[in-house]
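Peer 1: how would this look folded up:
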Amino acid sequence: MANFTEKAIVETLNELLKTKTIDRITVKDLTEACGISRNTFYYHFHDIYEVLTRDFIERADTMLKAHDEDESWESLFVEGLSFLYENRTTINHIYGSLDSDSLDRFLDTVVYRYTLEVVEEESGEGRFSARTIALAAEFYKNALVGAVLGWIENDMKESPEELAHLYDSVFSGTIENLLDSIEKAI
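Peer 2: Okay, here's the model as predicted:
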C-alpha cells in the first residue's frame, strides 16, 4: 500500500464486508466509517471494487513471495484456501453480491500467476513453447478457479487441506502429458 490513508481505506472496507455484501457498501459508508472525505477516497481509488482488487492482489503477492520454492504446490494451495476459509464471511459477502466478478477476477489473476510458475518449473527449460506453457497454465487455472468457486458456493464444507489434497491427487503427474498434448496440437 502506498500510504496510511490507503491502508485505512482497505481496513475499513474489510470491516464493512463483515456485515454487508460489497454491492450494499457505498463510498459514503466507507468514507464515513473511515473518517475521510469523498475527495480523499477518489484521490486514491476509482471505486470500491478497486480497493478490493488491490487488497486481494497485494495479499496474494505477499503470500506468493513468502512461498518457499521447495514447498509443494499443494502447500501453497492450502495457504490460499485457508485465507479464504478464515475470511469466509467476507468472501461470502463478496461472492453473494450482485458483482461477484471481483472475486472471479482476483482468483483468475492470482491462480494464473501460480499455475504459470508451476507449469514453467515442470516443463523443463526450452522444451516447450511459451504458448504451450501459457495454454497449460490457463487450463489449470480454470480448473482450480472453478474448484474454489464451487467450494465457496457449497459453504466451504471441506477443509482447505482436504480440497488441496484432492486436487493434488487429480493433477499429480498430468502437467507433462498436457504440455505434450498441447505442443502436438498447435
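Peer 1: Would you mind measuring from the residue lying closest to Phe128 once chain neighbours are set aside to Val51?
Peer 2: Distances taken as Cβ to Cβ, 6 or more residues apart in numbering place Leu179 nearest to Phe128, at 5.1 Å, with adjacent residues excluded. Bear in mind the C-beta positions are built from the backbone N, C-alpha and C, glycine included. Separation of Leu179 from Val51 (Cβ to Cβ, to the nearest Å): 38 Å.
Peer 1: Those two - which one has more neighbours?
Peer 2: Using other Cβ atoms under 10 Å, the more surrounded residue of Leu179 and Val51 is Val51, with 24 against 21.
Peer 1: for Thr26, phi and psi?
Peer 2: Backbone geometry at Thr26, expressed as degrees, to the nearest 10, gives phi -100, psi 160.
Peer 1: So the residue nearest to it when sequence neighbours are not counted versus Glu121, what's the distance?
Peer 2: Excluding its sequence neighbours, the residue lying closest to Thr26 (Cβ to Cβ, 6+ apart) is Ile48, at 7.9 Å. Distance of Ile48 to Glu121, given as Cβ to Cβ: 37 Å.
Peer 1: picking up where we left off before, tell me the contacts of the residue nearest to Phe128?
Peer 2: Contacts of Leu179 were listed using Cβ atoms under 8 Å, 6 or more residues apart in numbering, and they are Val119, Glu122, Ser123, Arg127, Phe128, Thr132, Ile133, Ala136.
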